[in-house]
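S.K.: Sequence and predicted structure, then a few things I'm wondering about:
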Amino acid sequence: MMKTYRSSLFAKLASIVGIAIVAMAPALAQKPGATVHGHVTNAAGMSVTSGDVKFTTDPEGRATMGGSSGAACAFTMAWFHPDLYRRVLSYSGTFVNQQWPTNAESPHGAWEYHEHLIPQSDARPLRVWLQVGEKDNGNQRDEASLHNWVLANQRMAAVLKAKGYHYQYVFCEGAGHVDRKAVGETLPEALLWLWRGYPVK
């Protein structure tokens with residue numbers, strides 16, 4: 001049975017723990033080396049206030065989230081700026097090669113995360129929740145295409161596990177790309193998992 005949750009869940013969560021949840025424009029997803037975007041988004045995110053809600057500057061109390069390319073952007077923000085964000089929620093993350101034009105420093109776009117960046121780097125203090133659908137984009141394509149969302153997210157989960165990250169990987173049978181039903185059924189529990197260990201003030 002699917003539970004129904006009020007649309008103000010994010011506002012309520014923010015008022016309880018004082019968090020900032022930020023999503024980035026999809027165009028930034030394929031630029032893993034472009035660290036300036038985290039600073040721009042941080043400045044924009046911290047300028048937003050609502051009533052008596054105060055946003056924390058504690059990176060443990062700040063999350064990024066997104067779907068598709070926005071999920072790759074969210075991970076990029078935390079990966080390059082764990083001093084700003086330490087919790088990531090990803091739906092159908094575009095951890096594939098979508099970049100154009102090609103960047104010599106990251107020739108495989110966001111595929112580089114699970115291919116090179118995470119395995120070859122020291123672990124960062126991140127907590128990552130990943131979801132992908134069985135019928136997600138490119139699900140019939142082979143690994144050599146660098147364009148299969150299911151394989152990319154499976155590989156992300158595998159490298160996060162190998163490096164000892166706190167991560168959760170959810171594979172949704174029958175679900176498509178950023179599947180509305182899958183999001184509706186998993187988001188409340190995903191947020192609870194993502195914020196586990198953060199003190200309620």
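M.R.: Received, thanks. Numbering: from 1, shown residues only.

S.K.: residue boundaries of the strands in the protein?
M.R.: 20-22, 62-67, 87-91, 127-133, 166-172 (DSSP state E).

S.K.: Let's have those in CSV, adding mean neighbour count.
M.R.: The C-beta positions use only the backbone N, C-alpha and C, and glycine is treated the same way. Listed next are these as CSV, based on neighbours: other CB atoms under 10 Å:
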stretch, mean neighbour count
strand 20-22, 22
strand 62-67, 26
strand 87-91, 27
strand 127-133, 25
strand 166-172, 18
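
S.K.: Mind putting those into a markdown table with mean pLDDT?
M.R.: A markdown table is the format used below for those (pLDDT from 0 to 100):
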| stretch | mean pLDDT |
| --- | --- |
| strand 20-22 | 37 |
| strand 62-67 | 96 |
| strand 87-91 | 98 |
| strand 127-133 | 98 |
| strand 166-172 | 98 |
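
S.K.: Make a markdown table from those strands and add distance to residue 120 to it.
M.R.: Below are the strands of the chain laid out as a markdown table (distance: least, CB to CB, whole Å):
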| stretch | distance to residue 120 |
| --- | --- |
| strand 20-22 | 27 |
| strand 62-67 | 22 |
| strand 87-91 | 19 |
| strand 127-133 | 17 |
| strand 166-172 | 18 |
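
S.K.: From residue 193, how far out is the closest residue to residue 123 other than its chain neighbours?
M.R.: Of all residues not flanking residue 123 in the chain, residue 163 sits nearest, at 4.8 Å (CB to CB, 6 or more residues apart in numbering). Per CB to CB, to the nearest Å, residue 163 is found 19 Å from residue 193.

S.K.: and if you look at residue 56?
M.R.: In terms of CB to CB, residue 56 sits 19 Å off from residue 193.

S.K.: same check, this time on residue 142
M.R.: For residue 142, the distance to residue 193 equals 32 Å [CB to CB].

S.K.: Which one of these two is surrounded by more residues?
M.R.: A count of neighbours by other CB atoms under 10 Å puts residue 193 above the other of residue 142 and residue 193, at 17 against 10.

S.K.: my guess is the more buried one meets residue 128, correct?
M.R.: No. Counting by CB atoms under 8 Å, residue 128 is not a contact partner of residue 193; they are 10.3 Å apart.

S.K.: shared neighbours, those two?
M.R.: residue 168 (CB atoms under 8 Å, 6 or more residues apart in numbering).

S.K.: hmm, back to that, my read is that the residue nearest to residue 123 contacts residue 120, right?
M.R.: No. Between residue 163 and residue 120 no contact is recorded; they are 10.0 Å apart, counting by CB under 8 Å.

S.K.: the more surrounded of those two?
M.R.: Neighbour totals were compared for residue 163 and residue 120, and residue 163 leads with 16 against 10 (other CB under 10 Å).

S.K.: For residue 124, give me its contacts.
M.R.: Neighbour list for residue 124: 78, 79, 82 [criterion: CB under 8 Å, 6+ apart].

S.K.: Turn these into TSV, including pLDDT and neighbour count.
M.R.: Below are the contacts of residue 124 laid out as TSV (pLDDT from 0 to 100; neighbours: other CB atoms under 10 Å):
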residue	pLDDT	neighbour count
78	96	23
79	96	22
82	96	15
